[in-house]
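A.B. asks: Turn this into a model:
(2 chains)
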Number of protein chains: 2
Amino acid sequence: MSRTTGDRRAEIIQAAVEVIAERGYRGASLGAVAERVGLTQQGLLHYFPTKEALLVAVLAARDQWDVASTALHGTTWPLEMLTSLVEYNATRPGIVQTFTVLAGDSVTEDHPARAYFEERYRWVREGAADMLRAEFGERLPGGLTPERAAPLLVAVMDGLQVQWLLDPAAVDMAAAFRDFVALLGGTGNT
Amino acid sequence: MSRTTGDRRAEIIQAAVEVIAERGYRGASLGAVAERVGLTQQGLLHYFPTKEALLVAVLAARDQWDVASTALHGTTWPLEMLTSLVEYNATRPGIVQTFTVLAGDSVTEDHPARAYFEERYRWVREGAADMLRAEFGERLPGGLTPERAAPLLVAVMDGLQVQWLLDPAAVDMAAAFRDFVALLGGTGNT
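C.D. replies: Numbers count the residues shown, from 1 in each chain, chains lettered A, B, ... in the order given. Sure, this is the predicted structure:
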């Protein structure tokens, strides 16, 4: 990929992030994104052949930013930072909605986002296990090993997002996630 | 709705369940379901105007069966039964896939399945809280109230389904769910 093509792709991804933030998943049409970067829809398809391809690139970029923006704090995230990420997600429903729709769709055979999500869940579980090990050692206070707690941690984050997106007044995503972390850490809940 | 129409709808839902079990979400076309009940696709649309409408009816029927089939055991489910349900779900990837796709899609504005899922999550959280109260009283061993633990329980079930559907070799959904129940119940994990 030439430097210019890469720049243009980054610009399109940035525009897509803005459109998603303003209008949510359904409002984020290729046409709306193309307009924002001064391309025709046909021109945009040169960089991203489908809406799914563009959205996967947006989600992959979000992963990079989220991980990179905490790189100062060491090679593994402290658990505290994950709680901050959930709080941050509660302020950006557009991208959380996009993640939820695509993750749900990706479980079908041959879905264009399937490879991205398979790989993402693998490294996210590994990262979560590393984080839990750094925090608690080989055995969490609640009794689980880091490897057994990791898929639960990831599941809680994803599952709470669905409930929160559907009914934000009923589900406080960040508070519920803190409850779960306290459960893992055996620090009790008040 | 006339008795006959109701029968016909039930028959179509049953056929859809079979097609989903055999071919998964993407294979469950209206055409395939119509063929199985001896209707034209046009004839099927008389009963269910869209694929989404049919699938929501399938999921609602599953909810009814799952709840009804345990009615013998009292007005609230014991937590043990929920673990059995997760084990059972691990044997029926087609319907779990259908649930996951539709639940993910439902978080967008005006999605045809949104009302079903909003309502479903409300009563599922209430049911989970009742179950946890029957099991543990007003305070779970891990420290949470039933109302605060309920959204976590539901989130773990949903989130594990996504990871299991994408990578069944890496994620043992039933074992992970039992780990979570042990965490809630403060019974430790080995």
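
A.B. asks: Regarding A:D179, which helix or strand does it belong to?
C.D. replies: Secondary-structure assignment from DSSP states H and E places A:D179 in helix A:173-185.

A.B. asks: Packing partners of that helix?
C.D. replies: Under the contact criterion of 3 or more CB pairs under 8 Å, 6 or more residues apart in numbering or on different chains; DSSP states H and E, helix A:173-185 touches helix A:79-89, helix A:114-136, helix A:146-166, helix B:146-166, helix B:173-185. (C-beta placed from N, C-alpha, C; glycine too.)

A.B. asks: mind redoing it with 6 Å?
C.D. replies: Applying 3 or more CB pairs under 6 Å, 6 or more residues apart in numbering or on different chains; DSSP states H and E, one finds that helix A:173-185 contacts helix A:79-89, helix A:146-166, helix B:146-166.

A.B. asks: So which bits of stretch A:92-111 are buried?
C.D. replies: By neighbour count on 16 or more other CB atoms under 10 Å in any protein chain shown, the buried set for stretch A:92-111 is A:93-108, A:111.

A.B. asks: Mean pLDDT and distance to A:R122 added to the helices and strands packed on helix A:173-185, as CSV?
C.D. replies: What follows is the helices and strands packed on helix A:173-185, written out as CSV (pLDDT from 0 to 100; distance: least, CB to CB, whole Å):
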stretch, mean pLDDT, distance to A:R122
helix A:79-89, 90, 18
helix A:146-166, 98, 11
helix B:146-166, 98, 9
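
A.B. asks: As CSV, the ones you listed with mean neighbour count and distance to B:R62 would be great.
C.D. replies: Below are these laid out as CSV (neighbours: other CB atoms under 10 Å in any protein chain shown; distance: least, CB to CB, whole Å):
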stretch, mean neighbour count, distance to B:R62
helix A:79-89, 16, 30
helix A:146-166, 24, 17
helix B:146-166, 24, 13
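
A.B. asks: Figure out which of these is closest to B:E35.
C.D. replies: helix B:146-166 (26.3 Å; CB to CB).

A.B. asks: name the helices or strands packed onto the closest one?
C.D. replies: helix A:114-136, helix A:146-166, helix A:173-185, helix B:93-105, helix B:114-136, helix B:173-185.

A.B. asks: Tell me the buried residues in whichever helix in chain A runs longest?
C.D. replies: For chain A, the longest helix by residue count, based on DSSP state H, is helix A:3-27. Neighbour-count burial for helix A:3-27 flags A:8-9, A:12-13, A:15-17, A:19-20, A:24-25 (criterion: 16+ other CB under 10 Å).

A.B. asks: what's the answer for stretch A:41-60, then?
C.D. replies: In stretch A:41-60, counting by 16+ other CB under 10 Å, buried: A:44-45, A:47-48, A:51-59.

A.B. asks: One more: stretch A:178-187?
C.D. replies: A:179-184.

A.B. asks: Dump the residues you listed to JSON lines, plus pLDDT.
C.D. replies: Formatted as JSON lines, these follow (pLDDT from 0 to 100):
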{"residue": "A:D179", "pLDDT": "96"}
{"residue": "A:F180", "pLDDT": "96"}
{"residue": "A:V181", "pLDDT": "93"}
{"residue": "A:A182", "pLDDT": "91"}
{"residue": "A:L183", "pLDDT": "92"}
{"residue": "A:L184", "pLDDT": "90"}
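
A.B. asks: okay, A:W77: pLDDT?
C.D. replies: A:W77 carries a pLDDT value of 70.

A.B. asks: Does it belong to a helix, a strand or coil?
C.D. replies: Under DSSP: H, G, I helix; E, B strand; the rest coil, A:W77 falls in the coil class.

A.B. asks: next one: stretch A:55-73 to chain centre, how far?
C.D. replies: 8 Å (CA atoms, centre = their mean, to the nearest Å).

A.B. asks: oh sorry, the question was meant for stretch A:80-92
C.D. replies: Worked out by CA atoms, centre = their mean, stretch A:80-92 lies 11 Å from the chain centre.

A.B. asks: ok, and what's touching that stretch?
C.D. replies: Residues outside stretch A:80-92 that contact it (CB atoms under 6 Å, 6 or more residues apart in numbering or on different chains): A:70, A:96, A:173-174, A:177-178.

A.B. asks: Over to stretch A:170-180?
C.D. replies: Residues contacting stretch A:170-180 (CB under 6 Å, 6+ apart): A:83, A:86-87, A:90, A:156, A:160, A:163-164, A:189, B:144, B:148, B:151-152.

A.B. asks: Same list, those residues, but as CSV with distance to B:S29 please.
C.D. replies: CSV is the format used below for those (distance: CB to CB, whole Å):
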residue, distance to B:S29
A:T83, 43
A:V86, 38
A:E87, 42
A:A90, 38
A:V156, 34
A:L160, 33
A:Q163, 30
A:W164, 32
A:N189, 47
B:L144, 44
B:R148, 42
B:P151, 34
B:L152, 36
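
A.B. asks: nearest residue to A:A128 other than its sequence neighbours?
C.D. replies: A:A150 (4.0 Å; CB to CB, 6 or more residues apart in numbering or on different chains).

A.B. asks: tell me the contacts of that neighbour?
C.D. replies: Per CB under 6 Å, 6+ apart, neighbours of A:A150: A:125, A:128-129.

A.B. asks: circling back to that earlier point, and the next helix or strand after the longest helix of chain A, which residues are buried?
C.D. replies: Per DSSP H and E, the first helix or strand lying C-terminal to helix A:3-27 is helix A:30-36. Buried residues in helix A:30-36, counted by 16+ other CB under 10 Å: A:30, A:32-34, A:36.

A.B. asks: coming back round to it: the helix holding A:D179 versus helix B:146-166: what angle between them?
C.D. replies: Counting by axes from the mean of the first three to the mean of the last three CA atoms, to 10 degrees, helix A:173-185 lies at 80 degrees to helix B:146-166.
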